[in-house]
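*Asks:* below is the structure, and that's it, no one-letter string:
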Ligand SMILES: O=P(O)(O)OC[C@H]1O[C@H](O[C@H]2O[C@H](CO)[C@@H](O)[C@H](O)[C@H]2O)[C@H](O)[C@@H](O)[C@@H]1O
């Protein structure tokens, strides 16, 4: 596995990670005084072991693979009765229906910061991970949001690849589950480094038709969306075998994908927290951080917002799911509508401020 070198959101530059607990990142952090010792302590306190999506030894296999399968999700959803769904919607109401409530707590003249994941949030889920393109209308919506609010995309993918899909230089990008962060600027053209684990997984999964191994620079994804369910057990055993060869790696699971990651104490939650601190939004009560995500690994970010009592987490899901997010949206189309509402809210706030002056 390649050693993460990088990190951080400083306009136009990459710099160091705020989490000095690991020697994998260079230190000190980029902007003295912005990332404080208290922040670093907070980073280290987050209990990764309890993070949703982190699979303990032996806890993963065909059953957990089934849980992330759309066919099984649909079957499970069919069993969910209307009362259950209605109760879930009360706990996680639509962010569109509750838009006024969401922005209501923030002073009119102030703002928001917006973070979102890529797959399943800004782009629809498709079989081929290399073909998860974003629509032009979604790109325009994200561009508009970024004009008004600091906007970040936090993804399990490698940063360069997310940039290739999104193509907006004005955003913050946090790739490899937030391990590789860069602020608005022309994104780096550095290519993802092939690494031993990636090559080993490619070699060993060749016998499983439909399996696809993706190099996300500091992480590796093993996709089983196109693998016949009969082969899932074999694939899980193969991945498990490679994990035994590399005991310093850990395994998490997303939507029909195994995600092999280094055991460093870093995740999307810490990336979000780091972005907030670096942007100077950590203790602002007149800024509304919004995090929108669809995957188990996004729960780390939702938990951070809950713990801080700051901002809102929005889960993108058509079906009721266990989540720490406060609100829900059903699909990327609703995400786009929500983003445009944020832009409109900002425009109206500005106009009303001008009238008062
Ligand atoms: O953090 P995200 O931006 O949500 O990335 C998480 C994973 O997303 C991608 O996989 C998912 O989307 C694919 C394309 O729609 C789909 O085929 C796959 O089944 C999904 O799990 C990406 O390819 C992974 O590397 C990311 O870890």
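*Replies:* Arrived safely. Just so we're clear, the structure is a prediction, and the values are computed from it rather than from any experiment.

*Asks:* make it CA atoms for all contacts and neighbour counts henceforth
*Replies:* OK.

*Asks:* where in the chain is pLDDT low?
*Replies:* 1-60, 70, 73-80, 105-111, 185-194 (pLDDT under 70).

*Asks:* the residue of it most remote from its centre and the ligand, how far apart?
*Replies:* Farthest-out residue of the chain from its mean C-alpha position, per Cα atoms, centre = their mean: residue 357, at 39.9 Å. For residue 357, the distance to the ligand equals 42 Å [Cα to the nearest ligand atom, to the nearest Å].

*Asks:* what do you get for residue 265?
*Replies:* Applying Cα to the nearest ligand atom to residue 265 and the ligand gives a distance of 17 Å.

*Asks:* burial count for that residue?
*Replies:* Applying other Cα atoms under 10 Å, we find 17 residues neighbouring residue 265.

*Asks:* where does it fall, secondary structure wise?
*Replies:* Assigned by DSSP states H and E, residue 265 falls within no helix or strand.

*Asks:* and what of the one 10 residues further on?
*Replies:* Residue 275 is part of helix 268-278 when elements are defined by DSSP H and E.

*Asks:* for the helix or strand hosting residue 141, buried residues please.
*Replies:* In this structure, residue 141 is located in helix 136-148 according to DSSP H and E. Buried positions in helix 136-148, judged by neighbour count with 16 or more other Cα atoms under 10 Å: 138-139, 141-146, 148.

*Asks:* show me how far that helix is from its chain's centre.
*Replies:* In terms of Cα atoms, centre = their mean, to the nearest Å, the centre of helix 136-148 is found 18 Å from the chain centre.

*Asks:* then stretch 200-212?
*Replies:* Once both centres are worked out by Cα atoms, centre = their mean, stretch 200-212 turns out to sit 26 Å from its chain's centre.

*Asks:* end to end on it, go ahead and measure it.
*Replies:* End-to-end distance for stretch 200-212: 13 Å, by Cα to Cα, to the nearest Å.

*Asks:* hmm, who's touching it?
*Replies:* 213, 222-228, 231, 234-235, 238-239, 242 (Cα atoms under 8 Å, 6 or more residues apart in numbering).

*Asks:* tell me which of those fall in strands.
*Replies:* 213, 222-223 (DSSP state E).

*Asks:* which of these are close to the ligand?
*Replies:* Restricting these to those near the ligand by Cα under 6 Å from any ligand atom leaves residue 223.

*Asks:* can you list the ones in strands among the contacts of stretch 200-212 in a markdown table and add neighbour count?
*Replies:* Listed next are the ones in strands among the contacts of stretch 200-212 as a markdown table, based on neighbours: other Cα atoms under 10 Å:
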| residue | neighbour count |
| --- | --- |
| 213 | 23 |
| 222 | 24 |
| 223 | 23 |
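
*Asks:* need the ones in strands among the contacts of stretch 200-212 in CSV with distance to residue 128, can you?
*Replies:* As requested, the ones in strands among the contacts of stretch 200-212 are arranged in CSV below (distance: Cα to Cα, whole Å):
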residue, distance to residue 128
213, 11
222, 12
223, 9
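
*Asks:* what's the first helix or strand after the helix holding residue 141?
*Replies:* By DSSP H and E, the next helix or strand past helix 136-148 is strand 151-154.

*Asks:* what are the contacting residues of that following strand?
*Replies:* Residues outside strand 151-154 that contact it (Cα under 8 Å, 6+ apart) are 113-118, 145, 171-175, 177-178, 268, 271-272.

*Asks:* partners of it, with directions?
*Replies:* Strand 151-154 has the following sheet partners, assigned by DSSP bridges: strand 111-116 (parallel), strand 172-175 (parallel).

*Asks:* between the first one and helix 268-278, how many degrees?
*Replies:* Between strand 111-116 and helix 268-278, the angle formed by their directions is 150 degrees, by axes from the mean of the first three to the mean of the last three Cα atoms, to 10 degrees.

*Asks:* taking helix 136-148 as reference, get the angle to strand 111-116.
*Replies:* Going by the same axes, to 10 degrees, strand 111-116 makes 140 degrees with helix 136-148.

*Asks:* show which residues not belonging to strand 111-116 make contact with it.
*Replies:* With Cα under 8 Å, 6+ apart, strand 111-116 has contacts from 122, 145, 149-154, 272, 286-293, 346.

*Asks:* also the last one?
*Replies:* The list of residues contacting strand 172-175 from outside it, by Cα under 8 Å, 6+ apart, reads 9, 150-160, 162-163, 180-184, 271.

*Asks:* against which helices or strands is the helix ranked longest in the chain packed?
*Replies:* If you go by DSSP state H, the chain has its longest helix at helix 332-356. When contacts are defined as 3 or more Cα pairs under 8 Å, 6 or more residues apart in numbering; DSSP states H and E, helix 332-356 packs onto helix 136-148.

*Asks:* checking residue 289 next. Helix, strand or coil?
*Replies:* strand (DSSP: H, G, I helix; E, B strand; the rest coil).

*Asks:* and residue 63, how many neighbours?
*Replies:* 11.

*Asks:* quick one: secondary structure of it?
*Replies:* helix.

*Asks:* name the residues of the protein found near the ligand, please.
*Replies:* So far as Cα under 6 Å from any ligand atom goes, the chain lies against the ligand at 117-119, 124-129, 132, 155-157, 221, 223, 225, 254-257, 295.

*Asks:* give me that answer again for 5 Å
*Replies:* 117-119, 125-129, 132, 155-157, 221, 255-257 (Cα under 5 Å from any ligand atom).
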